[in-house]
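Engineer: predicted model and sequence below, questions to follow.
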Amino acid sequence: MSAHPDLTWREVADRLEIRELIDAYAHHADGREPEKQYGLYAEHGRTLVQLGDAQTAPDQILTTREEHLAGFGALSQYEATTHFNGQSTIVVDGDGATGETYCLAHHLAGSGADRELIVMSIRYEDVFRRTAAGWRFAERKLVIRWTDTRPSHP
């Protein structure tokens, strides 16, 4: 039995396109492609970075292209990353949508005996906008819920 018996084919297609947008963000992050990551945003799109409790003010707000490229480029400090997206909820309302996605992000730092694995539990709170190019992020709030750092041995 479907939990969404009244979904239209358009709504299903919208949800699929939005999920592909979410996954493309992770793909471009792991590929160190900040320009492509930024290309997933609508005009005037912004990113809010929140360390810990989502109820407090954001620790960082990225609004311009340059701020986004610098923020996305910060991943280059790691030897490798893997962002694994988990469950998502998406609510479409015409040409707008909201969503929440859980992600476990793995970051390898250092090398040899000093190599560390940093695992971050991230919850993305998103606002999406339909554009001429398809669905894009109007706002992406990245809430880092917890981190775990440990030695990593290849």
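Structural biologist: Received the coordinates, thanks.
Engineer: give the other helices and strands that the longest strand anywhere in the chain contacts.
Structural biologist: Longest strand in the chain by number of residues (criterion: DSSP state E): strand 134-151. Here strand 134-151 touches helix 9-30, strand 41-51, strand 116-131, going by 3 or more Cβ pairs under 8 Å, 6 or more residues apart in numbering; DSSP states H and E. Using the backbone N, CA and C atoms, a C-beta is placed for each residue, glycine as well.
Engineer: would you mark the buried spots in the next helix or strand after the first one?
Structural biologist: Think helix 9-30. Sequence order places helix 34-38 as the next helix or strand after helix 9-30, per DSSP states H and E. By neighbour count with 16 or more other Cβ atoms under 10 Å, helix 34-38 contains the buried residues 34, 37, 38.
Engineer: where in the chain is pLDDT low?
Structural biologist: 1-4, 54 (pLDDT under 70).
Engineer: at 50 instead, please
Structural biologist: 1 (pLDDT under 50).
Engineer: now do the longest strand of the chain and strand 41-51, the angle between them.
Structural biologist: 30 degrees (axes from the mean of the first three to the mean of the last three Cα atoms, to 10 degrees).
Engineer: where's residue 53, which helix or strand?
Structural biologist: With DSSP H and E as the test, residue 53 turns up in no helix or strand.
Engineer: for it, what are its contacts?
Structural biologist: Listed by Cβ atoms under 8 Å, 6 or more residues apart in numbering, the contact set of residue 53 is empty.
Engineer: quickly note the distance from it to residue 148.
Structural biologist: Per Cβ to Cβ, to the nearest Å, residue 53 is found 18 Å from residue 148.
Engineer: likewise for residue 118?
Structural biologist: For residue 118, the distance to residue 148 - Cβ to Cβ - is 7 Å.
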